[in-house]
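Asker: Test case, fold it:
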Amino acid sequence: ACFAFSPRGPDQRCRWLLAGGIDGAARLWSLADTEAAPIRLTGHASAIIDVEFSPNGRWAVTTALDGRTRFWDLASFEHGQKSEPLTYSFPPSAGNSVAISRDGRTAALALGNEVRLVGEAPLTWKAASVGTFVNALEFEAGSGNLLTCGTGGELVRWQLGQIQPKAILRGTTKVELSPPEGMKAFALDGGGIVANHEAYLLDANLNT
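Answerer: Here you go, the predicted model:
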């Protein structure tokens, strides 16, 4: 199973908890009404491997082994409705991570050694060398650039908004190989990154 809390609102509280299950369904709990049954988000044909919320709090996002990422509009749930999600498809064996831009308009999907942007300006490009794959990715909060980490040990900052994204900074120093099993997340503020089973120390020029 995988879990995510929604971004904090103006009152500094999280409003939703999202969990994905091996049965292909996600459960969405309202933290304002803990007595209420969770909302079931169904439609995936296999186990959900990643869940998260868009940084602007509009979308709950589920990615599954069936090769689909689905964007659920949280506003509809707040009004007691459940609208059909936006759905993006990709090769089922390729997708292993998803990131959402700060404005909630663009998603980045890891597809083997490629990254696909979906949203207003769809785009796919190679983000890792042949024989490796992208195992984690995240949008930077300030710049809107995309950071990707590959299994070859390379962290790349991509400048978007180009015909093809431009790699503007590269490089990491691997410092550890034993984070908790199955971890797949970025920790950018502390100057380090964890991606799946490997931990890295960011080069100084990547923090500027």
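Asker: On the pLDDT front, check the residue of the chain most remote from its centre for me.
Answerer: Outermost residue of the chain with respect to the C-alpha centroid, by CA atoms, centre = their mean, is Glu35; its distance is 29.0 Å. Glu35 carries a pLDDT score of 86 in this model.
Asker: And it, how close does it get to Trp29?
Answerer: The gap separating Glu35 from Trp29 is 11 Å, by CB to CB, to the nearest Å. Heads up, the C-betas are built off the backbone N, CA and C, glycines and all.
Asker: Then Pro85?
Answerer: 18 Å.
Asker: Which one's more surrounded, the two?
Answerer: Pro85 (19 against 16; other CB atoms under 10 Å).
Asker: Give me the nearest residue to that one, chain neighbours excluded.
Answerer: Closest residue to Pro85 apart from its sequence neighbours, by CB to CB, 6 or more residues apart in numbering: Arg70 at 4.1 Å.
Asker: is that neighbour in a bridge, and if so with what?
Answerer: Thr62, Thr87 (DSSP bridges).
Asker: Do I have it right that it meets Thr62?
Answerer: Yes - assessed by CB atoms under 8 Å, Arg70 is found in contact with Thr62 at 5.1 Å.
Asker: which neighbours do those two share?
Answerer: Counting by CB atoms under 8 Å, 6 or more residues apart in numbering, the residues touching both Arg70 and Thr62 are Leu41, His44.
Asker: Which of these two has more residues huddled nearby?
Answerer: More crowded of Arg70 and Thr62, by other CB under 10 Å: Thr62, with 29 against 22.
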